[in-house]
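Trainee: A structural model of the following input is requested.
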Amino acid sequence: MFVGGAMAAPVLAQLHGEASANASPTADATFTLLDGLGEMRLTDVARERLATQQIEVQALAPATAITGADGTTVVGVKLPPEYSTGSISPVGQPAKGSGRALGGVVLRNSKARMEIAGIRASVPDGRVFAFLKINDQWVGELPLYASDVSAVRLSVQPGAPGQPTVIKGSDIPITPTQEGVDAFTKAFGVALFAVTDTVFTATGGGRAWPLPSSLPA
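Mentor: Have a look, this model is predicted:
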């Protein structure tokens, strides 16, 4: 994506976390996501640079589009999770885990079409993989984006006894990897981004359930 794809996966892969309120304060707690939604929004820099090449963003179902103030320009996508399981430290920082989002994003102009689907994120390395299709050719699953897991903190709303915990994360910066930069440049014939550019911010929320090993004795 460069605009669009790191997506929900970074957030969804890190959501389980804070339910650690129900676990030992001295150990990581492991959770599995029951349901939720991740949101990826383009930064101003990404939108402005894409506009110079008339590159439009589209949501790939079952992801849905987020439109701007004009009601038509797509500025991000909302993606439901396929799965997400992982652990979080007592201070609310993701420790390890993985998650994949359903749907994806399409970037296109009159010259090329770039499809990013099946977005998968892992912790603690913060790498975001996705299946890449350029025009009619599938390239494969590549590490297109990255997130700084060390900067992530999650909020938690404990449920009533026997009920899941609500987890939320917001304003998580997403940058392209060199593989992502190269793929975009090859597809559109122009280098618009560098690995230091924040192209998305991710937000997400969902209901998570602690796995038995995380429950207090």
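Trainee: how much space separates the closest residue in space to residue 127 that isn't next to it in sequence from residue 125?
Mentor: Excluding its sequence neighbours, the residue lying closest to residue 127 (CB to CB, 6 or more residues apart in numbering) is residue 143, at 4.7 Å. Every residue, glycine included, has its C-beta placed from N, CA and C. According to CB to CB, to the nearest Å, residue 143 stands 9 Å off from residue 125.
Trainee: mind checking which of the two has more residues around it?
Mentor: Comparing residue 143 with residue 125 by other CB atoms under 10 Å, the one with more neighbours is residue 143, at 17 against 12.
Trainee: local confidence estimate at the more buried one?
Mentor: pLDDT recorded at residue 143 is 97.
Trainee: point me to the helix or strand that includes it.
Mentor: Assigned by DSSP states H and E, residue 143 belongs to strand 137-147.
Trainee: show me what that strand is packed up against.
Mentor: Identification of packing neighbours for strand 137-147 by 3 or more CB pairs under 8 Å, 6 or more residues apart in numbering; DSSP states H and E yields strand 113-123, strand 127-134, strand 165-176, helix 178-188.
Trainee: go with 6 Å
Mentor: Applying 3 or more CB pairs under 6 Å, 6 or more residues apart in numbering; DSSP states H and E, one finds that strand 137-147 makes contact with strand 127-134, strand 165-176, helix 178-188.
Trainee: which positions in the longest one come out as buried?
Mentor: Using 16 or more other CB atoms under 10 Å as the test for burial, strand 165-176 gives 165, 166, 167, 168, 169, 172, 173, 174, 175, 176.
Trainee: the fourth one pairs with what?
Mentor: Here residue 168 sits in beta bridges with residue 155, residue 205, as judged by DSSP bridges.
Trainee: ok, it to residue 78 distance?
Mentor: 15 Å.
Trainee: with the third one instead?
Mentor: The gap separating residue 167 from residue 78 is 17 Å, by CB to CB.
Trainee: what of the fifth one?
Mentor: Distance of residue 169 to residue 78, given as CB to CB: 15 Å.
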